[in-house]
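Student: Next come a sequence and a model predicted from it.
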2 protein chains.
Amino acid sequence: MQQRNADRTRTRILEAATEEFAARGIAGARVSRIAEVAGCNKAMLYAYYGNKDALFDAVFTASVEAYLDEVGFDADDLPAYAGRVFDYFEAHPDRLRLSIWYRLERPEGEPLEAILAVNQSRLDELHRSQRRRVVPRQFTAVSLLSLIQAIATSWSSMNPEYGLDLPNVIVRRRAVVMAVQKILS
Amino acid sequence: MQQRNADRTRTRILEAATEEFAARGIAGARVSRIAEVAGCNKAMLYAYYGNKDALFDAVFTASVEAYLDEVGFDADDLPAYAGRVFDYFEAHPDRLRLSIWYRLERPEGEPLEAILAVNQSRLDELHRSQRRRVVPRQFTAVSLLSLIQAIATSWSSMNPEYGLDLPNVIVRRRAVVMAVQKILS
C-alpha cells in the first residue's frame, strides 16, 4: 500500500515535470511549481529524483522510451517511419519541445544512456539495410537518420509566422514529409 | 560626442544581449548580467531598450537582418542557397540558437515585422521561379522553404550524442545538405 502510494507520487511528479520542462526548458522550470502541481512537497521530490537536472534526465529518458515504443523504427521502410515520426510529434508536441530543450541546454552534457542505446540500434539497422541494398548507400547511415528526422519535423523549424492558418495544414505538411522518398531515390 | 557615446553603449548592450540570449534563451537570460557585460547599469539598459522582451526583439531582429545581408536568397539556385545557410550557421551557431529559442519561447507571440517581411519576399521569389518552371511545382513554395531550411540545418536537430567526433565532420555534413538537389529533382 505504501509502495503503491510512492509509485503514484513518482508518476504524478514525472507528469507534472514533463509539462513544466516542455513549457519552460531546464533553466526556466521551477521545482516548486512541479511539486505544487504534483501535490507533494519539494523535499519529497528531491528525495525521489535528486535535483532538477536529474529530474529532467528522468523526464527525457521516459519521453525517449515512449517514442521508441510508439514510433519504432524500420530501416527497410524509411518513408513510413518518417510519416510515423511526423504523426507522433503532431500528437505530442510537448515531446518534441523536450528534445529541442535538451539539445539547446545540454549541448555538451554527459550523454544519456537511453539516447546512446537508441542511436546505436538504429545505425546498426540502417547499416544492415544498406548492406542488403534495400537502402541506397549514397548517404552514410548517420546522415540518413539526420535527413529523415529533419524532414519529418521540418515544420517545427519554421518561424511561427509561417502559414499556421492554412486549411488542412496537417495533411499538407504530412505530404511534404514524403520528400523522404526523393532522398532515397 | 554624446550621441557617439550613446551609440556605442547601445551597440555594447546589443552584443552582450546577443551572447546572453543565445546561451540561455529569453526566460533564462538575466538583464543584470547583460548590463554588467556591457558596462552600463540596468536603468540605462531599460531606458534604451524597454524591457527584456523588447531587448530580445531588438537582438533577434538584428540577427535576422545580418542573416539576410550575408546569406541572401536565390530561388533560382536553391542548392547553393542551402549551402550558404549551412555555412552561415556553422560560422554563427549563436544565431541559430537565437532562432530556436525564438520558436520555443514565442510560439504564439505577436509576429515580428522583420520576420514577416523576410518570409513574404522569399515566398514571392519562389512563386516567380515556380511560374517560370525553374523550380518544380510538386511542393508549394512554403513547403520548399521548410524542407530546405530543415535540410540545411539538419545536424542541429540531432542529439549531441551523434558523431560529433567524426573526422572532417563539417565537410561531410555540408555534402549531406546537397540532398536538396534530390528534393528538387
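Tutor: Structure's in. What do you need? Note that the structure is predicted; figures quoted are calculated from it, not measured. Residues are numbered from 1 along each chain as shown, chains lettered A, B, ... in the order given.
Student: Name the surrounding residues that touch stretch A:25-37.
Tutor: Residues outside stretch A:25-37 that contact it (Cβ atoms under 8 Å, 6 or more residues apart in numbering or on different chains): A:13, A:16-17, A:19-21, A:24, A:41-42, A:44-46, A:52-53, A:55-56, A:101, A:104-106, B:24-25, B:27-28, B:104. In short, each C-beta sits where N, CA and C put it, glycine included.
Student: Where does pLDDT dip in chain A?
Tutor: Residue ranges of chain A with pLDDT under 70: A:1, A:159-167.
Student: thinking again about what came up before, for the contacts of stretch A:25-37, which ChimeraX command selects only the ones that are buried?
Tutor: Buried members of the contacts of stretch A:25-37, defined by 16 or more other Cβ atoms under 10 Å in any protein chain shown, are picked up in ChimeraX with:
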select /A:13,16,17,19,20,21,24,44,45,52,55,56,101,104,105,106 /B:24,25,28,104
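Student: Next step: the contacts of stretch A:25-37 restricted to strands.
Tutor: Mapping the contacts of stretch A:25-37 onto strands (DSSP state E) picks out no residues; all lie outside.
Student: Okay, and which of the contacts of stretch A:25-37 map to helices?
Tutor: Within those, residues falling in helices by DSSP state H are A:13, A:16-17, A:19-21, A:24, A:42, A:44-46, A:52-53, A:55-56, A:101, A:104-105, B:24-25, B:27-28, B:104.
Student: Does chain B have contacts with stretch A:177-185?
Tutor: Yes: using Cβ under 8 Å from any Cβ of the partner chain, stretch A:177-185 reaches chain B at A:Ala179, A:Lys182, A:Ile183, A:Ser185.
Student: Using CSV, write out every CA atom in that stretch.
Tutor: Taking Å, rounded to 0.1, in the frame of the first residue of the first chain, the C-alpha atoms of stretch A:177-185 are listed here in CSV:
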residue,chain,number,x,y,z
VAL,A,177,7.3,14.6,-45.3
MET,A,178,7.1,12.2,-48.2
ALA,A,179,10.0,14.1,-49.7
VAL,A,180,12.0,11.4,-47.8
GLN,A,181,11.2,9.2,-50.8
LYS,A,182,13.1,11.6,-53.0
ILE,A,183,16.1,11.5,-50.7
LEU,A,184,16.2,7.7,-51.1
SER,A,185,15.8,7.7,-54.9
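Student: can you list contacts of that stretch?
Tutor: With Cβ under 8 Å, 6+ apart, stretch A:177-185 has contacts from A:78-79, A:82-83, A:85-86, A:135-136, A:139, A:144, A:147-148, A:151-152, A:154, B:139, B:147, B:179, B:182-183, B:185.
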